[in-house]
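In: Dropping a prediction and its sequence here:
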Amino acid sequence: MVLVTGATGFLGSELISQLLRNGERVRAIKRPSSVIPEILRNESLIEWTNADLLDYFSLEDAIQGITKVYHCAALVSLNPKDKKKMLRVNVQGTVNLLNVCTANQIKKFLHVSSVAAVGDSKKGELINEKHHWEYGSGKSGYSISKYESEMEVFRAAAEGMNIVIVNPTIILGKNAGKEGSGQLFEMIKKGMKYYPDGSFGYVDVADVAMIMIKLMESKISSQKFIINAENWTYQDLFSEIATQMGKAPPDIALKPWMLKFAWVGTGILSAFTGKNYGLNKDTVHSAFRKQNYSNEKIKKALDLEFRSVKETIYEICQYMKAN
């Protein structure tokens, strides 16, 4: 039987759906307050269990009879105020899970990290697994938490655990809803006129889940893999989404000073209202970075091809227009 953490999340639910189609027996961790996503609501073969990454004893109960673990759970935020909470959930939570897995002699542990835990490249280079992450003032709390989580996983590997790590870029899919990458589609649907002068990598959620399963079933161990289909500029991405939505493509290039001005303004509003407007120095910084990722290592390891991002965008837009 396999255990999946973060089971009610966007990636976790897609992973479970694929595991069930493959005939796997799945135990899925959730919190009592979690809402089971629609994609899994009618799946009677899932064994749901209430547990918390910060509650070691609940993890001990959840791990009984498990041979393989997919660790998808993490707190994601670019708000600096959430740094301590992310370090607690993402790092200490991973430590707790690894310790439980070690005590129960799990056969393999797959850890979902992020490209936020991969280093930067020189100008013009594709970022790959050999670019080492380094501490610095430009690192977000989320980036630090994912890097330190990876270090704990590699520590477990050094002590004998069979592990593999995946570092996805931005994950796209119609079931994202209004969270994560789904927010971007919602904003463009409402009519967005601006685009930042940066770039990033994107990948379909079905491809990420498929790759995770292939890595789990392979003999590959103690390695990490960037999971990225294609690199797109924000201008091209926003324009493609807008076109598929039947909206006018954004045609005004954002300048850094515009977002910095907006950041100061939303900071003042947050102080009075207590509401997080989602704009801070980390989001301002990331919007103008050109971060392009290589996928050569994973393609070579598993001999695979990715679904095109354009096809994924089309599917998401058709789904949103129909719902």
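Out: Thanks, I have the structure now. Numbers count the residues shown, from 1 in each chain.
In: Any idea how far apart the tips of stretch 242-250 sit?
Out: Start-to-end span of stretch 242-250 (Cα to Cα, to the nearest Å) is 8 Å.
In: any idea how far stretch 68-80 is from the chain center?
Out: 7 Å (Cα atoms, centre = their mean, to the nearest Å).
In: before we move on, what about stretch 140-148?
Out: Distance, centroid of stretch 140-148 to centroid of chain: 13 Å (Cα atoms, centre = their mean).
In: can you give me the mean pLDDT across that stretch?
Out: In this model, stretch 140-148 carries a mean pLDDT of 93.
In: ok, residues contacting that stretch?
Out: 74-78, 80, 82-84, 86-87, 89-91, 113-114, 116-117, 133, 135, 282, 286 (Cβ atoms under 8 Å, 6 or more residues apart in numbering). In short, each C-beta sits where N, CA and C put it, glycine included.
In: tell me the strands in the stretch 51-200 of the chain, going along the chain?
Out: In the stretch 51-200 of the chain, the strands defined using DSSP state E, counting those that start in this stretch lie at 68-71, 108-112, 163-168, 170-172, 194-195, 199-204.
In: For the fourth one, which strands pair with it and how are they oriented?
Out: Partners of strand 170-172 in the sheet, by DSSP bridges, are strand 199-204 (parallel).
In: helices or strands next to whichever helix or strand comes after the strand it pairs with in the packing?
Out: Sequence order places helix 205-217 as the next helix or strand after strand 199-204, per DSSP states H and E. Packed against helix 205-217 by the contact rule (3 or more Cβ pairs under 8 Å, 6 or more residues apart in numbering; DSSP states H and E) you find helix 10-21, strand 68-71, strand 108-112, strand 163-168, strand 170-172, strand 223-227, helix 296-302.
In: Helix 205-217: which residues count as buried?
Out: Across helix 205-217, burial judged by 16 or more other Cβ atoms under 10 Å covers 205, 206, 207, 208, 209, 210, 211, 212, 213, 215, 216.
In: One more: stretch 147-166?
Out: 147-150, 152-154, 156-157, 161-166.
In: So what's the gap between it and the chain middle?
Out: That offset, for stretch 147-166, works out to 18 Å (Cα atoms, centre = their mean).
In: Residue 26: what's it in contact with?
Out: 1, 2, 3, 4, 16, 19, 20, 45, 46, 47.
In: so the third one touches residue 72, yeah?
Out: Meaning residue 3. No - Residue 3 lies out of contact with residue 72 (Cβ atoms under 8 Å); the separation is 10.5 Å.
In: What distance do you get for residue 224 to residue 165?
Out: In this view, residue 224 and residue 165 are 4 Å apart by Cβ to Cβ, to the nearest Å.
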